[in-house]
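Enquirer: Below is the sequence, then the predicted model.
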Amino acid sequence: MCPRAVALSFLFALISAVANGDPSLGVSLPEPCLPGRPCTLALISDNPVTLRCPGAPHQGPVSWQYVDPSRPGERPATFIRTGHPLALIPIRAKLWQLRLKTQLLRGDLRILDPGVKDSGVYTCRRGDAMLAYYEVDFQDAGRLHISHASLGKAPLANTTVELAGGARGQLFTAWARWQPCDRCGGPGERKRVGFCYAQLASHPKGPLPCGLAGRGLPQRGPELRVESCEVPCDRAYALSRDEWGKAPLLVVTRYRALPYASARLRCPTASIYSPVYWQEGPTALTWLDLHQRNGSISLDKATGGGTLLLSSWNGTDASYYQCYVGGRLVGRFLVTPPRVLAPAPELTRAYSAIESLVVGLAIFLIFLLFLSILQSCRRKPGTTMA
């Protein structure tokens, strides 16, 4: 097998493992590469991710270090470690920003809201021993290209680019496997994510994520492919649903939306890496239906439909939305217009009594003031009475 085929096989195996992550933790990556061997990964910004550290924390405390690829020669710097949250306070602004958006889960690093600028090298250490090494390219979710098979939209084509010195390279999309159908027993949708990769003559070992392939490449973002599906509610669907774990039920979250305002409803545990679908009451909200409806409701592209967008909401009655991840209900949202609450009858009677008392007291005080002025006028010295 040629080196490129080996590299691509390993790449697709990694991406397949990425797609199988636990949605409650964000996408969860497989066991790391061999010690001293980097794991090069492409991921999508604005979606949570968990980087694993093997053996942590059972064999002692661990720390995570970061190297910014935009600063050549920079040494790895620790930004988070197990123990008390205040045991380490990063000095550099970049490390402090990472510290605010990360947390440790049994030694594994969870990045809650990664951005493009968070790309770089992440290493997990226990003392001087390196336990994991990840070179991560967070690709811009704002440049996500979405194509729906039923709308006749095609994915991005491979492109050949001219590089400095006359060299050539090829940009292409490396696809993860299809996620399960987002629902069973009726029309649904399934999706898969794709990452931008570059095959360069200067790097014969295999393709690299576009963000790690060096400067000078044309801008090309990740992809999301959506297609319609319909599967029965059988054992096979139940097994595929179990891959995504059990997420807690969020009973009701209530929003009071102003007329013609916008709202963002974020489905708990949902991301671009997990099968998610929404309902408005009993009506399913799919990518295809919302595109054809072209109304005030849409699905957020960056999170792969994990967020429902309500633009220029002008409802006069309450609207009820719910979302499912892996076929399980995880979020319910009640959106209501602002209304002045009518006071209870007891409060109304109490307010009326207080108001009458205040008015009566004011009249009585005014009467006393008038009498005191009248008496003072009658008793002025030097005045005679006929």
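Expert: Alright, I've got the coordinates.

Enquirer: just the strands in the stretch 251-386 of the chain please.
Expert: 253-256, 261-266, 276-280, 283-285, 297-299, 307-313, 319-325, 328-336 (DSSP state E, counting those that start in this stretch).

Enquirer: quick one, which of those is nearest to S356?
Expert: strand 253-256 (34.0 Å; Cβ to Cβ). All C-beta spots, glycine's among them, are computed from the backbone N, C-alpha and C.

Enquirer: What's the per-residue pLDDT of the residue nearest to R256 when sequence neighbours are not counted here?
Expert: Excluding the flanking residues, the one nearest R256 by Cβ to Cβ, 6 or more residues apart in numbering is P338, at 5.0 Å. pLDDT recorded at P338 is 70.

Enquirer: My guess is P338 contacts A318. True?
Expert: No: using Cβ atoms under 8 Å, P338 is not in contact with A318; the gap is 11.5 Å.

Enquirer: These two: which has the busier surroundings?
Expert: A318 (13 against 9; other Cβ atoms under 10 Å).

Enquirer: Which strand residues bridge the closest residue to that one other than its chain neighbours?
Expert: What sits nearest to A318 in space, not counting adjacent residues and going by Cβ to Cβ, 6+ apart, is T336, at 4.3 Å. Legend: beta-bridge partners of T336 under DSSP bridges are R256.

Enquirer: Count the residues that sit near T336.
Expert: 14.

Enquirer: Could you verify my assumption that it touches L258?
Expert: No: using Cβ under 8 Å as the test, T336 is too far from L258 to be in contact (11.0 Å).

Enquirer: from what I can see C124 touches M130, true?
Expert: Yes: contact criterion Cβ under 8 Å: C124 and M130 qualify, at 7.4 Å.

Enquirer: between those two, which one's more packed in?
Expert: Neighbour totals were compared for C124 and M130, and C124 leads with 25 against 15 (other Cβ under 10 Å).

Enquirer: residues in contact with the more buried one?
Expert: L51, C53, A56, V62, S63, W64, G107, L109, M130, L131, A132 (Cβ atoms under 8 Å, 6 or more residues apart in numbering).

Enquirer: Per-residue pLDDT of it, please?
Expert: Predicted confidence (pLDDT) for C124: 92.

Enquirer: that older thread, from S312, how far out is the residue nearest to R256?
Expert: Note on P338: its distance to S312, by Cβ to Cβ, to the nearest Å, is 16 Å.

Enquirer: again with C267
Expert: Relative to S312, and taking Cβ to Cβ, C267 is found at 21 Å.

Enquirer: Looking at these two, which one has more neighbours?
Expert: Using other Cβ under 10 Å, the more surrounded residue of C267 and S312 is C267, with 27 against 10.

Enquirer: sorry, back to before: rebuild the contacts of C124 as JSON lines, extending it with secondary structure and pLDDT.
Expert: Formatted as JSON lines, the contacts of C124 follow (DSSP: H, G, I helix; E, B strand; the rest coil; pLDDT from 0 to 100):
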{"residue": "L51", "secondary structure": "strand", "pLDDT": "92"}
{"residue": "C53", "secondary structure": "coil", "pLDDT": "88"}
{"residue": "A56", "secondary structure": "coil", "pLDDT": "65"}
{"residue": "V62", "secondary structure": "coil", "pLDDT": "90"}
{"residue": "S63", "secondary structure": "strand", "pLDDT": "91"}
{"residue": "W64", "secondary structure": "strand", "pLDDT": "94"}
{"residue": "G107", "secondary structure": "coil", "pLDDT": "89"}
{"residue": "L109", "secondary structure": "strand", "pLDDT": "94"}
{"residue": "M130", "secondary structure": "strand", "pLDDT": "89"}
{"residue": "L131", "secondary structure": "strand", "pLDDT": "89"}
{"residue": "A132", "secondary structure": "strand", "pLDDT": "90"}
